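A.B. asks: Structural data only, the sequence is not supplied:
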């Protein structure tokens, strides 16, 4: 099948191909799709629905303020998250995972796109409009060492958001915080201690307790276990799963550790250079990875069985710059299955099986055969 597809798409002559014109056409198509989807109502069953979200950072401007050079951290990403689900976001460092999580929470203002939370488009909300939503949307930061204020005790750290948002009456704040600490595996005598007195795992439990102190519905977990030892990682992941079940939480779980994502996620989104390259259910992605980048990521996961040898796919070269990404498919400079079409035309999203979407030219003819 792979050889037939390669033969079919390589029949196109790219000797005099105009890359600039093609790029302009692709941008027009993306804009047309955005305008079309903008008129559609949000999915009433979704807690979070992201449509064509973009986040560009301007590096250089003209005297009049017009952007000349932009870093495309997140470039036209769409997905849905239903209540009680965990969506895992995976990819190499620098692919836009954290930026997307922060943009969804409006810690960064999106360049364009729609962010529906509980049916309301919050993409253009001001800080004042976002304030009531801060109790519903929270984040657990990656580094438990730098994300906690060193001059506040654990009690002060956890009490502050409770008091600011009036979660409980003032006289019941300490009782509420001590109960929260107990749910997160923290002893009551930690209440008067400072962050520097704790280990990494204990600090991360404090960060989790702080995020949950305002009773959120949606939590962005930004690589919450990457700075911890493996044994502590398991404890934190089990704690997150326990709290999700008890509190009916919805997670956006960002990680580059596929074994962790497999354990905790219901659906998986694979990102590369700001784009989503594959999306699907956990079992479908791990059973049948389609995109060459996803396959290469999976090949890097160590196999615990010493009798089984896994074939490691080593990608050549470094990740291209997001300021000046490659033409066509952004993965074309490192892809082991790269064809000529990949260097000139960006692939479209195709649903290969139910709810399993991929952006790759290897599957161009598969869709054509299905249409016939």
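C.D. replies: The structure has been received and is ready for your questions. Please read these numbers as outputs of a predicted model, since none were measured by experiment. Residues are numbered from 1 along each chain as shown.
A.B. asks: Going by C-alpha atoms from here, please, whenever you check contacts or count neighbours.
C.D. replies: Fine.
A.B. asks: What about residue 81, how many residues nearby?
C.D. replies: Residues within reach of residue 81, counting by other C-alpha atoms under 10 Å, total 21.
A.B. asks: from memory it sits against residue 87, does it?
C.D. replies: Yes. The pair formed by residue 81 and residue 87 meets the contact definition of C-alpha atoms under 8 Å, at 6.8 Å.
A.B. asks: need the contact list for residue 195.
C.D. replies: When contacts are counted by C-alpha atoms under 8 Å, 6 or more residues apart in numbering, residue 195 is found next to 145, 148-150, 152-154, 203.
A.B. asks: which of those tops the neighbour count?
C.D. replies: residue 154 (25 neighbours).
A.B. asks: quick one: the helices in the stretch 201-350 of the chain?
C.D. replies: Remark: helices of the stretch 201-350 of the chain, listed N- to C-terminal, are 230-247, 258-264, 282-287, 292-299; assignment by DSSP state H, counting those that start in this stretch.
A.B. asks: Would you mind listing the buried residues in the last one?
C.D. replies: By 16 or more other C-alpha atoms under 10 Å, the buried positions in helix 292-299 come out as 292-298.
A.B. asks: what distance separates that helix from the middle of the whole chain?
C.D. replies: Here the centre of mass of C-alpha atoms in helix 292-299, compared against the chain's by C-alpha atoms, centre = their mean, to the nearest Å, lies 17 Å away.
A.B. asks: And for the longest one?
C.D. replies: In this view, helix 230-247 has its centroid 19 Å away from the chain centroid, taken as C-alpha atoms, centre = their mean.
A.B. asks: Under a three-state scheme, what state does the spatially most central residue of the chain occupy?
C.D. replies: Residue closest to the average C-alpha location in the chain (C-alpha atoms, centre = their mean): residue 89, at 3.7 Å. Following DSSP: H, G, I helix; E, B strand; the rest coil, we place residue 89 in the strand state.
A.B. asks: Now for it: which residues touch it?
C.D. replies: Applying C-alpha under 8 Å, 6+ apart, we find residue 89 in contact with 97, 252-255, 268-271.
A.B. asks: Which ones among those residues map onto strands?
C.D. replies: Applying DSSP state E to those, the entries found in strands are 252-254, 268-271.
A.B. asks: can you tell me how far residue 309 sits from residue 289?
C.D. replies: The span separating residue 309 from residue 289 equals 19 Å under the rule C-alpha to C-alpha, to the nearest Å.
A.B. asks: One more: residue 217?
C.D. replies: If you go by C-alpha to C-alpha, the gap between residue 217 and residue 289 works out to 31 Å.
A.B. asks: Which parts of the stretch 51-200 of the chain are helices?
C.D. replies: Under DSSP H, counting those that start in this stretch, the stretch 51-200 of the chain gives helices at 97-104, 127-130, 154-164, 173-183, 200-212.
A.B. asks: As CSV, these with distance to residue 231 and mean pLDDT would be great.
C.D. replies: Output for the helices of the stretch 51-200 of the chain, formatted as CSV (distance: least, C-alpha to C-alpha, whole Å; pLDDT from 0 to 100):
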stretch, distance to residue 231, mean pLDDT
helix 97-104, 24, 95
helix 127-130, 37, 93
helix 154-164, 24, 95
helix 173-183, 20, 95
helix 200-212, 10, 94
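A.B. asks: Rebuild those as a markdown table, extending it with distance to residue 60.
C.D. replies: Formatted as a markdown table, the entries for the helices of the stretch 51-200 of the chain read as follows, by distance: least, C-alpha to C-alpha, whole Å:
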| stretch | distance to residue 60 |
| --- | --- |
| helix 97-104 | 20 |
| helix 127-130 | 26 |
| helix 154-164 | 38 |
| helix 173-183 | 46 |
| helix 200-212 | 36 |
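A.B. asks: Tell me which of these is the most buried.
C.D. replies: When those are scored by mean count of other C-alpha atoms under 10 Å, the highest mean neighbour count falls to helix 200-212 (a mean of 24).
A.B. asks: of all the helices of the stretch 201-350 of the chain, which lies closest to residue 365?
C.D. replies: The closest of the helices of the stretch 201-350 of the chain to residue 365 is helix 292-299. By C-alpha to C-alpha, the value is 16.6 Å.
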